[in-house]
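Visitor: fold the following and give me the result.
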Amino acid sequence: MHPGPEGASRWRRYVAIGDSFTEGLLDEDPARPGGYRGWADRLAEHLDGAARRAGAPPLEYANLAVRGRLLGAVLEQQLPAALAARPDLVSLSGGGNDLLRPRADVDALAAAVEDAVQRLRAAGADVLLITGVDPRDAPVVRLTRGRVAAYNLHLWAIARRHGAAVLDLWGMRALYDWRMWAPDRIHLSAEGHRRVGLLAAATLLGATGAAEAEWARPLAPEPGRPRWRRSVDDARWAREHLVPWVRRRATGRSSGDAVTAKRPRPAPLGPSGG
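Guide: Next up is the predicted model:
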């Protein structure tokens, strides 16, 4: 796949598959009370705008992602539906929930992704893969850094072998700022999703200059916090977010057990962009 402005008119149908990251948690959607927007919705808006400016028909967009899904579930449940929609472009993010588990088999995860990419490319779809974010500053989650790095290297190699594009979140330094993240420190904030959507559009459309500066621009410095304040915040995070997550995993439950895809069928974006 060769990113560039020609994609604006080439891509008529975009399908996003994945977990909570692609579903859009915790980027609240003002047009849908209780619903989420997210970077993939924002990317669809950028692609739709580019297509309209090029005089092409409006983009059709589906988002099949569901929070809490392991990679196997994403590929088993969402990939067939994505293929059935006959898309021109598919974004595939998955494996993050798997990598949180100490015994995750990185090589097996990568093999499953490569099989999915091969199927999508054989069906004529361009593919956007998404790397994991560098968790170096995240309490507890930073223990996964080696696994995430190895998985990312696999994704880059897969993309090179099959002509896919890569949304490089590991190298997105703006995400080192905790203001880009929701209070759970696992999902992006609205600003984080906005920035990732901009980088995704730049990755696919080749935008540079002002567009690149916007997603990469650091936020204004914030006052430093004393060490004791950081310790208190870390303890609150563990109590309110980490412990419930561990309890769900221990009982075999998922945050997405009763959740279905928010945009199950490709359709043009509404007047408000969603």
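
Visitor: C-alpha from now on. contacts and neighbour counts both.
Guide: Fine.

Visitor: excluding sequence neighbours, find me the nearest residue to Leu199.
Guide: Trp215 (6.0 Å; CA to CA, 6 or more residues apart in numbering).

Visitor: Ala200 is in contact with that neighbour, correct?
Guide: No - under the criterion of CA atoms under 8 Å, Trp215 is not in contact with Ala200, lying 9.6 Å apart.

Visitor: who has more neighbours, these two?
Guide: Neighbour count, other CA atoms under 10 Å: between Trp215 and Ala200, Ala200 has more, with 29 against 22.

Visitor: could you count how many residues lie near Gly163?
Guide: By the criterion of other CA under 10 Å, Gly163 has 17 neighbours.

Visitor: phi, psi of it?
Guide: For Gly163, the backbone dihedrals (degrees, to the nearest 10) come out as phi 70, psi 40.

Visitor: gap between it and Leu269?
Guide: Note on Gly163: its distance to Leu269, by CA to CA, to the nearest Å, is 28 Å.

Visitor: and for Leu43?
Guide: 12 Å.

Visitor: more crowded one of the two?
Guide: Set side by side, Leu43 and Leu269 show more neighbours around Leu43, with 22 against 17, by other CA under 10 Å.

Visitor: who's in contact with the more buried one?
Guide: Contact partners of Leu43, counting by CA atoms under 8 Å, 6 or more residues apart in numbering, are Gly197, Leu198, Ala200, Ala201.

Visitor: can you pick the most crowded of those?
Guide: Neighbour tally across those (other CA under 10 Å): the maximum, 29 neighbours, falls on Ala200.

Visitor: so Pro58 sits in a helix?
Guide: No - read with DSSP: H, G, I helix; E, B strand; the rest coil, Pro58 is coil and lies in no helix.

Visitor: related to what we said a few turns ago, how about the contacts of Leu43 in a markdown table, adding secondary structure, pLDDT and distance to Ala190?
Guide: Formatted as a markdown table, the contacts of Leu43 follow (DSSP: H, G, I helix; E, B strand; the rest coil; pLDDT from 0 to 100; distance: CA to CA, whole Å):
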| residue | secondary structure | pLDDT | distance to Ala190 |
| --- | --- | --- | --- |
| Gly197 | helix | 96 | 11 |
| Leu198 | helix | 94 | 12 |
| Ala200 | helix | 95 | 15 |
| Ala201 | helix | 94 | 17 |
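
Visitor: so the nearest residue to Arg195 once chain neighbours are set aside: helix, strand or coil?
Guide: In space, and not counting its chain neighbours, Arg195 is closest to Trp215: 4.7 Å by CA to CA, 6+ apart. Classification of Trp215 by three-state DSSP places it in helix.

Visitor: low-confidence ranges, the protein, go.
Guide: Scanning the chain for pLDDT under 70 picks out 1-9, 207-212, 224-257, 271-274.

Visitor: quick one, strands of it?
Guide: Applying DSSP state E to the chain gives strands spanning 13-17, 60-63, 89-92, 126-130, 165-167, 263-268.

Visitor: cheers, nothing more for now.
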